[in-house]
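> Pasting a predicted model and its sequence here:
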Amino acid sequence: MEEFFQVPVVKAITGSVLYSGIGLGMFVVAYRVMQGILPFSLRKELEEDQNVAVGVLMGAVMLGLAIIIAAAIHG
């Protein structure tokens, strides 16, 4: 079984899956933090009121986080 994980392709796929899981976890944490910081209901503003400004704000936060995670993965 050890030889299976020595193959470069398997190492790359394993790393990608691992980093994807970590990245998704970070996005969930960031969403929850923003939900706690903002003085209004994030879910209500995005889903019910369809507030574009809040969507742009959350998109910017997630994009910034994605850039940081990508830089950490790339080295």
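Nice, thanks for sending it over. Worth saying up front: this structure is predicted, and the values here are computed from it rather than measured.

> What segments of the chain are helices?
Assigned by DSSP state H, the chain shows helices spanning 8-37, 42-43, 52-74.

> which of those sits most buried?
The highest mean neighbour count among the helices of the chain, using mean count of other CB atoms under 10 Å, belongs to helix 42-43: a mean of 14. All C-beta spots, glycine's among them, are computed from the backbone N, C-alpha and C.

> what's the average pLDDT for that one?
In this model, helix 42-43 has an average pLDDT of 89.

> burial count for residue 40?
If you count neighbours by other CB atoms under 10 Å, residue 40 ends up with 11.

> any idea how far it lies from residue 49?
Noted for residue 40: a distance of 9 Å to residue 49, by CB to CB, to the nearest Å.

> same check, this time on residue 70
32 Å.

> which residues touch stretch 58-69?
With contacts defined as CB atoms under 8 Å, 6 or more residues apart in numbering, stretch 58-69 is touched by 19, 22-23, 26-27, 30-31, 34, 42, 46.
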